[in-house]
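>>> below is the sequence, then the predicted model.
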Amino acid sequence: MKQILSLILILALATGLSAQKQPNVLIILSDDQGWGDVGFNGCTDIPTPNLDQLASEGVVFTQAYASHPYCSPSRAGLLSGRYQQRFGHENNLPYTTAKVDDGLPLDELMLSEYLQDKGYHTCAIGKWHLGDSIAYWPNQRGFDDWYGFFGGGMSYWGDTGRKSAEHGVLRDGKVVPKSEITYLTDDFSNEAVKYIDKYSKTKKPFFMYLAYNAPHSPVHATSEYVSRVQHIEDGKRAAYAAMVTGMDAGIGKVIDKLKKTGEYENTLIVFYSDNGGTDQGAINVPFRGHKGMLFEGGIRIPFCMTWPGMIPAEQMYEHPIIALDIFPTVLAAAKLKTPKKKTLDGVDLLPYLNGKKSTLPHDDLYFRYSDGAGYAVRKGKYKMVKSHYKEDHFFLFDMEADPYEHKDLSAQMPEKLDELKNLYANWNAGTVPSKWQDPHAENIAKEEARRQKFLDAATRGEKKK
């Protein structure tokens with residue numbers, strides 16, 4: 001009898017330990033992918049079967065936001081878990097390796113650094129864009145392994161266009177011969193498969209940051225992926241679609257490897273785009289605007305999360321969430337406490353997805369670019385947008401009645417507008433100026449000028465009558 005009881009106790013302990021096993025974490029980031037460019041958001045012309053399957057096995061967030069409308073700051077928010085304006089990473093990086101202070105501040109604890117310290121294998125694959133100088137490279141920021149490039153974009157064929165070879169693809173900081181580069185999207189997918197194979201043979205969990213540069217420019221695609229989108233008549237859209245198709249195929253390989261190694265069931269997987277799609281082939285429809293803007297098309301993104309057995313499948317979560325939520329969600333999944341002296345701006349999403357909490361994850365969300373040249377606040381069903389190209393004008397939208405931001409209510413609801421302005425002022429007091437500048441504000445102003453020029457030309461005949 002004692003032997004039986006002992007066996008039961010041992011089995012119970014073993015089961016408890018198994019249940020306590022820390023999950024692997026896989027964050028898959030696409031680059032400049034439009035909200036409407038995945039099947040799980042209703043896309044019909046670009047085939048994304050692997051992403052759609054992944055989404056069906058977890059949750060799709062219908063009101064998911066990036067924390068910034070373009071590349072480097074968005075990544076800074078993701079890996080820090082904090083609004084990037086709190087530590088001066090509000091603009092894209094200066095394009096040089098000469099400066100010392102040209103990356104996500106070294107005193108800002110990154111998710112990779114914390115997980116590495118807690119015993120995770122860590123690897124970064126793909127686009128970095130969080131520091132050009134060596135001190136800011138992935139191997140210096142909590143990643144054991146790194147395969148990718150440190151800048152904001154490059155040729156998918158491995159052509160750097162520069163004399164310095166270090167601007168190409170690197171493996172742990174060392175240049176990968178161009179002869180070993182095929183097509184970057186495929187190369188990144190294949191490297192991810194190799195790392196999963198490597199890590200699955202150990203007892204430690206892993207954190208993989210798989211940051212594709214697809215479908216960011218330049219527009220490059222293989223004939224294989226182009227052949228899959230021959231039904232798209234618009235050439236610009238078809239070329240873009242081929243890039244998305246290639247990325248989806250690679251993600252399929254990665255998921256398949258997780259399943260073959262037995263790691264899929266114990267892996268928290270997050271997929272989303274770093275910001276809205278551009279106006280060069282992407283579709284953010286039905287939303288207004290595109291990358292760089294604070295209208296929904298610039299910051300509302302395709303976003304899904306899967307963790308078999310832990311997150312109920314076939315969910316559609318319809319309340320606003322933000323990419324800053326990933327950091328605390330990962331910590332909760334791994335049963336890790338928030339680091340000391342680290343205040344996160346996101347929330348753990350797991351209790352909302354498992355039905356343990358029915359309240360909204362966020363009372364309000366904030367967005368800002370170029371030291372406040374443009375900013376936005378989302379509170380409940382209302383959203384305020386301050387666009388710098390219309391001097392002193394604030395838009396106000398009811399996102400339940402008008403999710404596409406067609407009807408500006410600022411004149412009809414001045415009290416609500418003032419409420420959101422005051423919220424922004426209070427939040428803004430906890431931010432700092434950007435450590436460097438970029439031309440984004442000027443470019444958006446130029447774009448608006450071009451837009452107005454077209455509209456003026458269209459109505460010129462009417463004015464002559």
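Thanks, I have it. Quick caveat, the model's predicted, so the values are computed rather than measured. Residues are numbered from 1 along each chain as shown.
>>> for stretch 360-372, buried residues please.
Neighbour counts over stretch 360-372 (16 or more other C-beta atoms under 10 Å) mark 361, 362, 364, 365, 366, 367, 368, 369, 370, 371, 372 as buried. Placement of C-beta: from N, CA and C, glycine included.
>>> what does stretch 248-267 give?
Using 16+ other C-beta under 10 Å as the test for burial, stretch 248-267 gives 248-255, 257-258, 263-264, 266-267.
>>> swap in stretch 322-340?
322-334, 336, 339.
>>> strands - which of the buried residues of stretch 248-267 land there?
The strands, defined by DSSP state E, take in residue 267 from the buried residues of stretch 248-267.
>>> now for the buried residues of stretch 248-267, which pair is the farthest apart?
Greatest spatial distance among these (C-beta to C-beta): 249 and 266, at 24.3 Å.
>>> so where's the stretch 101-250 of the chain uncertain?
Counting by pLDDT under 70, the stretch 101-250 of the chain contains low-confidence ranges at 161-166.
>>> where exactly do the helices run in it?
All helices of the stretch 101-250 of the chain, identified by DSSP state H, counting those that start in this stretch, fall at 111-117, 184-200, 223-227, 235-260.
>>> what is the longest one packed up against?
Contacts defined by 3 or more C-beta pairs under 8 Å, 6 or more residues apart in numbering; DSSP states H and E place helix 235-260 against strand 24-30, helix 49-56, helix 184-200, helix 223-227, strand 267-273.
>>> any idea of the angle that helix forms with strand 267-273?
With axes from the mean of the first three to the mean of the last three C-alpha atoms, to 10 degrees defining the directions, helix 235-260 sits at 170 degrees from strand 267-273.
>>> and for the second one?
The directions of helix 184-200 and strand 267-273 differ by 160 degrees, with the same axes, to 10 degrees as the criterion.
>>> list the buried residues of helix 184-200.
By neighbour count on 16+ other C-beta under 10 Å, the buried set for helix 184-200 is 184-193, 195-196, 199-200.
>>> ok, back up a step: list the ones among the buried residues of stretch 360-372 that fall in strands.
Per DSSP E, these map to strands at 364, 365, 366, 367, 368, 369.
>>> let me know the closest of the residues you listed to residue 316.
Of these, the one sitting nearest to residue 316 (C-beta to C-beta) turns out to be residue 365, at 19.5 Å.
>>> was I right to think that closest one contacts residue 377?
Yes - using C-beta atoms under 8 Å, residue 365 makes contact with residue 377 at a distance of 7.3 Å.
>>> how far away is the closest residue to residue 85 other than its chain neighbours from residue 422?
The shortest distance from residue 85 to any non-neighbouring residue, by C-beta to C-beta, 6 or more residues apart in numbering, is to residue 431 (3.9 Å). Applying C-beta to C-beta, to the nearest Å, the value for residue 431 to residue 422 is 16 Å.
>>> quick one: which of these two has more around it?
residue 431 (18 against 11; other C-beta atoms under 10 Å).
>>> the more buried one: what's it in contact with?
Shown in contact with residue 431 (C-beta atoms under 8 Å, 6 or more residues apart in numbering): 83, 85, 86, 368.
>>> and the first one, how far from residue 185?
Here the distance between residue 83 and residue 185 works out to 30 Å (C-beta to C-beta).
>>> for the most centrally placed residue in the chain, what are phi and psi?
Nearest to the geometric centre of the chain sits residue 274, at 3.2 Å (C-alpha atoms, centre = their mean). Note on residue 274: its backbone torsions stand at phi -70, psi -20 [degrees, to the nearest 10].
>>> so the closest residue to it other than its chain neighbours is in which element?
Closest residue to residue 274 apart from its sequence neighbours, by C-beta to C-beta, 6+ apart: residue 74 at 4.3 Å. Following DSSP states H and E, one finds residue 74 within helix 71-80.
>>> what do you get for residue 326?
Residue 326 belongs to helix 326-333 when assigned by DSSP H and E.
>>> any residues touching that helix, and which ones?
Contacts for helix 326-333 (C-beta under 8 Å, 6+ apart): 22-23, 25, 27, 78-81, 111, 114-115, 207, 268, 270, 305, 307, 310, 337-338, 344, 346-350.
>>> can you count the residues close to residue 356?
For residue 356, the count of nearby residues is 8 (other C-beta under 10 Å).
>>> gap between it and residue 418?
In terms of C-beta to C-beta, residue 356 sits 36 Å off from residue 418.
>>> also residue 439?
In terms of C-beta to C-beta, residue 439 sits 32 Å off from residue 418.
>>> got it, and residue 202?
In this structure, residue 202 and residue 418 are 57 Å apart, going by C-beta to C-beta.
>>> just residue 333 next, same as before
40 Å.
>>> now do residue 226
Using C-beta to C-beta, we find residue 226 at a distance of 52 Å from residue 418.
>>> looking at these two, which one has more neighbours?
residue 226 (17 against 12).
>>> contact partners for the more buried one?
Residues counted as contacts of residue 226 (C-beta under 8 Å, 6+ apart) are 238, 239, 242.
>>> most surrounded residue in these?
Of all the contacts of residue 226, the most densely surrounded is residue 242 (27 neighbours; neighbours counted as other C-beta under 10 Å).
>>> since that was my last question, I'll sign off now.
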